[in-house]
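Chemist: Turn this into a model:
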Amino acid sequence: MPPEHGLSRALRELLHSQRTAALGTLDADGAPFVSMVPFALRADGERPGLVLHVSALAPHTGNLQRHARVSLMVCRAEVAGEPVHALPRVSFDATARLLEPGSDEALACRRAYLQRFPEAEPMTQLGDFRFVRLDLLGARQVAGFGAARSLDAGELLRALTPPLSP
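Modeler: The predicted structure follows:
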């Protein structure tokens, strides 16, 4: 097996170390709306995906029900004294799918979500919350100055898998 590309390793580390993202949706008037969401990783199935757990009361839930195409940005947290312009980040282009509660897909997403957020178990029992699968269409990764690239779904699937053991 060939060694993993440095940018691929950086993307994997970013996705496995950060647990929140900025979700971009469009409101009923077509205006952009951005909110913070916790996310989990799901690498099984035919396409790589991210998992969200959203409340029916949240504006972004209604937005993604009207317009399934969304954007999600994961960014490393700022470190005091380090330049912010080179922060590692990735912006995903995705299609959001609200999952039917109790479906096999929703249960698989619940498992992935609780693996990352075990403290959220009581919230997964609330009736107004649903799981959302983000099917990733592509992404743009910036790993620092002069280190940027566009990614396809295949490369994203590899980045969603757990880090390799040393």
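
Chemist: any idea how far Gly146 lies from Leu7?
Modeler: Gly146 sits 11 Å away from Leu7, taking Cβ to Cβ, to the nearest Å as the criterion. Backbone N, C-alpha and C define where each C-beta goes, glycine included.

Chemist: Neighbour count: those two, which is higher?
Modeler: Leu7 (19 against 7; other Cβ atoms under 10 Å).

Chemist: doesn't Ala147 make contact with the more buried one?
Modeler: Yes: between Leu7 and Ala147 there is a contact under Cβ atoms under 8 Å: 6.4 Å.

Chemist: And the strands in this protein, which stretches?
Modeler: Taking DSSP state E to define them, one finds strands in the chain at 20-26, 32-38, 40-42, 49-55, 69-75, 89-98, 129-144, 147-151.

Chemist: The shortest one pairs with which strands?
Modeler: Based on DSSP bridges, the pairing partners of strand 40-42 within the sheet are strand 49-55 (antiparallel).

Chemist: would TSV of the strands of the chain with mean pLDDT be doable?
Modeler: Formatted as TSV, the strands of the chain follow (pLDDT from 0 to 100):
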stretch	mean pLDDT
strand 20-26	97
strand 32-38	97
strand 40-42	91
strand 49-55	94
strand 69-75	97
strand 89-98	95
strand 129-144	92
strand 147-151	90
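
Chemist: In TSV, list those strands along with mean neighbour count and distance to Leu14.
Modeler: Shown next, in TSV, are the strands of the chain (neighbours: other Cβ atoms under 10 Å; distance: least, Cβ to Cβ, whole Å):
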stretch	mean neighbour count	distance to Leu14
strand 20-26	20	11
strand 32-38	14	15
strand 40-42	21	11
strand 49-55	22	13
strand 69-75	18	6
strand 89-98	20	6
strand 129-144	20	8
strand 147-151	14	12
